[in-house]
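# the sequence isn't on hand, but the structure is:
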């Protein structure tokens, strides 16, 4: 935009089609809502899924970890092709595909009768999230003016946090329902208690998934009324459709000038320069690598795992049942509130300042949470020898009544106790936790058939060519049961749980103000125009890969080494994040995409 055009902008603002822009932001925000539901819905469902599926489907903690990580794995898979799909069928078509896949995933998960259908539904949900994570920021960057671009990304993140709040509220409602059911069956016999509670918990996690169907339908239907990205239309030579799309987002007096600016790069591309430059061309490699680093470190803060495992973390920290769910809702509500703060600050203070502020606060809060868990885990005792001696026939079966707890040297009537057992058959490892104050969960049963999973057809094929990285079922078929770690200690008091919750609240507040909003801007702003779609796909692929790995190793890691180890790791990654933002990231506030590209050139 030249100076004359810029000077005319304020008077023309009255001619801006405000309702079209608001509708565009709403639907793009609904994409963020689905992305937030993708991440957050498993937190409320996981305790009930773990309580029922481990018994009926014989799921290991590794398989439960895969169920949690499947959304992130699906995002990794779709992120790799999202840019190509958006180039092939358009930004609007890719968003519609994402909405349809999300909607289809809901009945697949809610009606699942085994591990594979549940995993498939979560993968579909993740594929949808990966498409949304690339295409919606890409669409906003190409449609909105520089003055609105920061606000558009913040709106996407705001609705993402609303999705997390919605998922947490659904989980809280069902936590109260389960607690009420548990209170109503206390007069029944133990076997009848277990049967009723099993049915209630099974219904709870299925209903939690069903609750997500309506947002998927709204987003899918709403995308049909959006116009296509005018920049994509110009690249396809559909100038008249691009002009019509611009009339819905810019003042009428600026339509032709904006269209000419969009046509200039397309015209230049038909000359001596190729239509699509190489991704790692010398002039593109630094902004591309910087964007990838920002996205990778955003996930290395542990944000997705903290949100997904929030209820489990807070239960471990000492908060009981519904109190942990209330804290989970508070965490996600604060995330939404602080995103509104970021919405105000992002175009005033700039991206670099907010990233430095956010990453610094995150590092301190993670370090505080790690130290709290060190304090709680210090009082645990090793009870591996008596459990190893109780193994019979490479299996272990113990009923943990009051007498059994006392045989391990603790009195559960004086203070609730928690036992965490990490065990393995050759390469197949698992983790099991028992609390003395948990109703209907008094059996510690470890069997080979529940821990060792056979190869699938694909797994068997890769094992024949020596490319399967997972444990070998043949080697585990005769391997003895080995107790790797057995830690017994008092359940931390509720005050300790609330202290950990406060650390997580501070963590989420700083994340929302800094990386939560700025990561989407880094994804769309740092990438030069010629490589934006494919570059964004690869950057988000790295982002989701880091998130998937962290989610997949979370349960085994905390089972073997405790929760403090994960929080220390995240804090270290965030310190590096702060240094990258402080010394390498340029400020992009108020600059057009072309000006940002010129800075790196």
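Okay, I see it. Predicted model, so just to flag it, every value in this text is computed and none were measured. Numbering: from 1, shown residues only.

# pretty sure residue 310 is touching residue 43, no?
Yes: contact criterion CB atoms under 8 Å: residue 310 and residue 43 qualify, at 5.2 Å. Using the backbone N, CA and C atoms, a C-beta is placed for each residue, glycine as well.

# in the stretch 351-500 of the chain, which spans are helices?
351-377, 384-389, 402-407, 448-451, 457-464, 473-476, 494-513 (DSSP state H, counting those that start in this stretch).

# by contact count, what packs against the third one?
What it means is helix 402-407. Applying 3 or more CB pairs under 8 Å, 6 or more residues apart in numbering; DSSP states H and E, we find helix 402-407 packed against no helix or strand.

# pLDDT on that helix, on average?
Confidence over helix 402-407 (mean pLDDT, whole number) is 84.

# list the buried residues of that helix.
Neighbour counts over helix 402-407 (16 or more other CB atoms under 10 Å) mark 404-405 as buried.

# show me what that helix is in contact with.
Surrounding helix 402-407, the residues in contact under the criterion CB atoms under 8 Å, 6 or more residues apart in numbering are 386, 398, 411-413, 417, 436.

# the same query, at a cut-off of 6 Å, please.
The contact list for helix 402-407 (CB atoms under 6 Å, 6 or more residues apart in numbering) reads 412, 417, 436.

# stretch 555-571 too?
61, 65, 301-302, 316, 363, 366-367, 369-370, 373-374, 377, 422, 431, 485.

# just the strands in the stretch 251-400 of the chain please.
Ranges of strands within the stretch 251-400 of the chain are 381-382, 396-399, based on DSSP state E, counting those that start in this stretch.

# make JSON lines out of those strands and add mean neighbour count.
What follows is the strands of the stretch 251-400 of the chain, written out as JSON lines (neighbours: other CB atoms under 10 Å):
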{"stretch": "strand 381-382", "mean neighbour count": "11"}
{"stretch": "strand 396-399", "mean neighbour count": "15"}
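
# mean pLDDT added to those, as TSV?
Output for these, formatted as TSV (pLDDT from 0 to 100):
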stretch	mean pLDDT
strand 381-382	84
strand 396-399	86
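
# nearest to residue 194, out of the ones you listed?
For the strands of the stretch 251-400 of the chain, proximity to residue 194 was assessed by CB to CB; strand 396-399 is nearest, at 12.6 Å.

# show me what stretch 383-400 is in contact with.
Outside stretch 383-400, the residues that reach it (CB under 6 Å, 6+ apart) are 408, 434, 442-447, 480-481, 483, 486, 488.

# ok, of those residues, which come out buried?
Neighbour-count burial within the contacts of stretch 383-400 applies to 408, 434, 442, 444, 446, 481, 483, 486, 488; the criterion is 16+ other CB under 10 Å.

# farthest-separated two in these?
Longest span within the buried ones among the contacts of stretch 383-400, CB to CB: 442 and 481, 20.5 Å.

# could you check how far residue 164 is from residue 341?
Residue 164 sits 16 Å away from residue 341, going by CB to CB, to the nearest Å.

# the more surrounded of those two?
Remark: of residue 164 and residue 341, residue 164 carries more neighbours, 30 against 14, as counted by other CB atoms under 10 Å.

# may I see the buried residues of the strand or helix carrying the more buried one?
Applying DSSP states H and E as the criterion places residue 164 in helix 146-184. Under the neighbour-count criterion of 16+ other CB under 10 Å, helix 146-184 has 146, 148-175, 177-179, 181-182 buried.

# kindly report the same for stretch 74-88.
74-83, 85-87.

# what separation do you get for residue 90 and residue 227?
Distance from residue 90 to residue 227, by CB to CB: 10 Å.

# if you could redo that for residue 498, that was the one I meant.
Distance from residue 498 to residue 227, by CB to CB: 49 Å.

# and for residue 545?
33 Å.

# go on, residue 120?
Using CB to CB, residue 120 is found at 34 Å from residue 227.

# which one is residue 415 nearest to, not counting chain neighbours?
Of all residues not flanking residue 415 in the chain, residue 490 sits nearest, at 4.8 Å (CB to CB, 6 or more residues apart in numbering).

# re earlier: what's the lowest-pLDDT member of the contacts of stretch 383-400?
residue 442 (75).

# so what's that residue up against?
399-400.

# over to residue 515?
Contacts of residue 515 by CB under 6 Å, 6+ apart are 298, 358.

# quick one: pLDDT of it?
If you check residue 515, the pLDDT there is 86.

# against residue 290, how distant is it?
14 Å.

# where is the longest helix in the chain?
helix 61-110 (DSSP state H).

# who are the packing partners of that one?
Applying 3 or more CB pairs under 6 Å, 6 or more residues apart in numbering; DSSP states H and E, one finds that helix 61-110 contacts helix 18-56, helix 115-143, helix 190-210, helix 213-223, helix 532-561.

# let's see it at 8 Å
Helix 61-110 packs on helix 18-56, helix 115-143, helix 190-210, helix 213-223, helix 230-235, strand 428-435, helix 532-561, going by 3+ CB pairs under 8 Å, 6+ apart.

# returning to that earlier point: nearest to residue 25, of the buried ones among the contacts of stretch 383-400?
Nearest to residue 25 among these is residue 434, at 48.5 Å by CB to CB.

# now do the contacts for the closest one.
Residue 434 touches 400, 418-419, 421, 441-442, 444, counting by CB under 8 Å, 6+ apart.
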